[in-house]
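Participant: Prediction below, plus the sequence it came from.
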Amino acid sequence: MKKLYGVITAMTTPFTQDNKVDVVALEEQTEFLIQKGIHCLYPCGTTGEMFSMSAEERELVAETVVKKAAGRVTVFVHVGAMCQDCTIRLAKHAHSIGADGVGIITPVFFHVDDRAMVEYYKTVCAALPDDFPVYVYVIPQLAHNDIGAATMEEIASACKNVVGVKYSFADMRRINEYLQVRGGNFSVVPGADDLFLPALSCGCDGTVSGCSGPFPEAFVEVYKAFQSGDIAAARKAQVKATKLAMIMKCGANMSIFKNILTMRGIRGGYMRRPLLDLTAAQVAELKKEVAPYL
C-alpha cells in the first residue's frame, strides 16, 4: 500500500471574504506546492481548519486537490470528524475520488479509553477496502486523547489498512516507540517541523508540515540532502526551516500561513470564524520578518 513520505504539506483552506471555499485559490496552492517539489499533500487537517467546515465543504476541498494534483504527487485526505458516521462518509468519499489514502484523527474532546479507541479505528477501517491506506492521526495536545505504543500495536494488528501514524507532538521517545510497531514495518510521520531531520535520522518516512505550505523550499532541501547522504547540508537546511517555523509560530495561527502565501503571489484567503485574520499591523510586521526569505 502507498505510504506518505518526504515533505507532506498540511494545506490551508482558503476562504473567500463571503466565507466560501475559494476553489481557484486552492488550485493555485496545490500547483504552487507541486512545482516547489513537495512529495505529498494533506488537505483538510488541522491546518486546513477541518472542524470549521461542513462535510460537503470538506468533500469539495478533497475533490479540488485530488483533481488538480492529477496523480503528480501523493494525496492523503484527512477525514476525521466529530461524528464516527461522518468520518466514515468522508473516508469513503476520499476513496471514491481517487485519493491515495486518508488520515483519521483520534476521537476528540470527549475522553476515549483504549478499548473505545481500538473499536473506533476497527469500525472506520472496516468500512474501507483492505488495501486503502490509513494513517492514525495522534495530536493529544488538541484532541485530548492519546494513543500509546501498545494500543497502536493493537490497532495496527486489527486493521490491515492502517499503515502508519501521523504524530503531532514533539516527543522523540514516543516516535521511536511507534517505529517499533508491527516489528518495525510501520510508517511514522511526525508533525513537529523542527524535528524533521532528527526524525528522519531515527527512521521516520517524512514530516507532515504546515510550515512547508508557505515555505516549502527549506523543507524539501532537508529531505533531498538527507536522502543524498549530505548530512551537513541537511543540517543547514533544517536550521533555516526551523527559523521559518519560529517566525510562523509553528502553525499556531493559520492566518500567518495564508498571509505569507499571499505575499508569495498565491491567494491565501481568509480565516473562518471564530478564527480571525491578522490585523494590518500584524501583516506589516510579518512582512518585515519574512522579507529576507521571500
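Facilitator: Here it is on my side, so go on.
Participant: mind listing what's buried in the lengthiest helix in the chain?
Facilitator: Longest helix of the chain, by residue count under DSSP state H: helix 231-247. Within helix 231-247, the residues that qualify as buried are 234, 237-238, 240-245, 247, counting by 16 or more other C-beta atoms under 10 Å. Using the backbone N, CA and C atoms, a C-beta is placed for each residue, glycine as well.
Participant: Could you export the residues you listed as a markdown table, including distance to R264?
Facilitator: Listed next are the buried residues of helix 231-247 as a markdown table, based on distance: C-beta to C-beta, whole Å:
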| residue | distance to R264 |
| --- | --- |
| A234 | 24 |
| A237 | 19 |
| Q238 | 21 |
| K240 | 16 |
| A241 | 16 |
| T242 | 20 |
| K243 | 17 |
| L244 | 12 |
| A245 | 16 |
| I247 | 14 |
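Participant: Please state the offset of stretch 91-104 from the chain centre?
Facilitator: Taking C-alpha atoms, centre = their mean, to the nearest Å, one finds the center of stretch 91-104 at 14 Å from the center of the full chain.
Participant: picking that back up, and the longest helix of the chain, what's its mean pLDDT?
Facilitator: Averaging pLDDT along helix 231-247 yields 98.
Participant: Who are the packing partners of that helix?
Facilitator: For helix 231-247, the packing partners by 3 or more C-beta pairs under 8 Å, 6 or more residues apart in numbering; DSSP states H and E come out as helix 196-202, helix 216-228, helix 280-290.
Participant: Let me see the ranges of the helices in the stretch 51-200 of the chain.
Facilitator: 55-69, 84-96, 114-126, 140-143, 149-158, 172-178, 196-202 (DSSP state H, counting those that start in this stretch).
Participant: Could you dump those into JSON lines with mean neighbour count, distance to V21 and mean pLDDT added?
Facilitator: Listed next are the helices of the stretch 51-200 of the chain as JSON lines, based on neighbours: other C-beta atoms under 10 Å; distance: least, C-beta to C-beta, whole Å; pLDDT from 0 to 100:
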{"stretch": "helix 55-69", "mean neighbour count": "20", "distance to V21": "5", "mean pLDDT": "98"}
{"stretch": "helix 84-96", "mean neighbour count": "19", "distance to V21": "15", "mean pLDDT": "98"}
{"stretch": "helix 114-126", "mean neighbour count": "17", "distance to V21": "25", "mean pLDDT": "98"}
{"stretch": "helix 140-143", "mean neighbour count": "14", "distance to V21": "22", "mean pLDDT": "96"}
{"stretch": "helix 149-158", "mean neighbour count": "18", "distance to V21": "32", "mean pLDDT": "98"}
{"stretch": "helix 172-178", "mean neighbour count": "18", "distance to V21": "33", "mean pLDDT": "98"}
{"stretch": "helix 196-202", "mean neighbour count": "19", "distance to V21": "29", "mean pLDDT": "97"}
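Participant: right, and those helices - which one's nearest P214?
Facilitator: Nearest to P214 among the helices of the stretch 51-200 of the chain is helix 196-202; the distance by C-beta to C-beta comes to 15.7 Å.
Participant: Skip ahead from the closest one and say which helix or strand is next.
Facilitator: With elements assigned by DSSP states H and E, the helix or strand that comes after helix 196-202 is strand 206-209.
Participant: what about that following strand, distance to the chain center?
Facilitator: Here strand 206-209 is found 7 Å from its chain centre; the criterion is C-alpha atoms, centre = their mean.
Participant: I'm done for today, thanks for sticking with me.
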